[in-house]
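Novice: sequence plus predicted model, see below.
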Amino acid sequence: RPPPAHVPPPPPAAGLALRFFHCQSARNPWVIHVDDDMVFPPHTLTALLAAFARDTRRVVGPVGRSRGNPRDRYRGYDSRPVAGPADVVLTKLLVLERDLCSRFFDHAPLVWAEVAAASVAYPLWNGEDIFMSLVANHEYGRKGNEAVPHLE
């Protein structure tokens, strides 16, 4: 499916989610996000795309996290890295379907009050990768995200 013919200008409160805003207008159906401080060998992108190609209805990257005990310090979010199935894939390096970026903004109103309140102490939309991974879980009807740590 081609990208939308017209993507409106970014919302004034896009913050760190700006990457997902611009993702919507990508020409290709798959989009790779790379943080500007990531350095990796050339084979990493090939391996990332091969892992994603096995199932494109998920988010794939080298850094994953999973939900733990809801009584834990971070409301059940476990900050230790995981390999394999992961509730969350961090945006350090990841690949996803372009259309998922639009779904991010469709669901953003659900958490906007918390995002805005947190922006007093953190950058606006800090945690956008966590939310994107949860959007993928919801949109695809399963927890299918994958952390492939040997890519780093």
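Specialist: Looks like it arrived, so ask away.

Novice: which ones are touching residue 33?
Specialist: 19, 23, 91, 93, 94, 95, 96 (C-beta atoms under 8 Å, 6 or more residues apart in numbering). Yep, even glycine has a C-beta here, placed from its N, CA and C like the rest.

Novice: with residue 80 instead?
Specialist: residue 65 are the contacts of residue 80 under C-beta under 8 Å, 6+ apart.

Novice: again, only using 7 Å
Specialist: By C-beta atoms under 7 Å, 6 or more residues apart in numbering, no residues touch residue 80.

Novice: partner strands of the helix or strand where it lies, parallel or antiparallel?
Specialist: Assessed by DSSP states H and E, residue 80 sits inside strand 77-82. Sheet pairing of strand 77-82 (DSSP bridges) gives strand 64-67 (antiparallel).

Novice: can you pull out the strands in the chain?
Specialist: 30-34, 60-61, 64-67, 77-82, 84-85, 88-89, 93-97, 146-147 (DSSP state E).

Novice: buried residues in the helix-or-strand element of the chain with minimal mean pLDDT?
Specialist: The weakest-scoring helix or strand in the chain, judged by mean pLDDT, DSSP states H and E, is helix 112-118 (a mean of 78). Along helix 112-118, these residues count as buried under the neighbour rule (16 or more other C-beta atoms under 10 Å): residue 115.

Novice: name the residues that touch that helix?
Specialist: So helix 112-118 is contacted by 125, 126 (C-beta under 7 Å, 6+ apart).

Novice: now with 6 Å?
Specialist: With contact meaning C-beta atoms under 6 Å, 6 or more residues apart in numbering, helix 112-118 is reached by residue 125.

Novice: and residue 34, what is it in contact with?
Specialist: Contacts of residue 34 (C-beta under 6 Å, 6+ apart): residue 93.

Novice: mind doing that once more with 8 Å?
Specialist: Residues near residue 34 by C-beta under 8 Å, 6+ apart: 92, 93.

Novice: I'd say residue 108 and residue 17 touch.
Specialist: Yes - using C-beta atoms under 8 Å, residue 108 is in contact with residue 17, at 7.4 Å.

Novice: which one's more surrounded, these two?
Specialist: residue 17 (25 against 19; other C-beta atoms under 10 Å).
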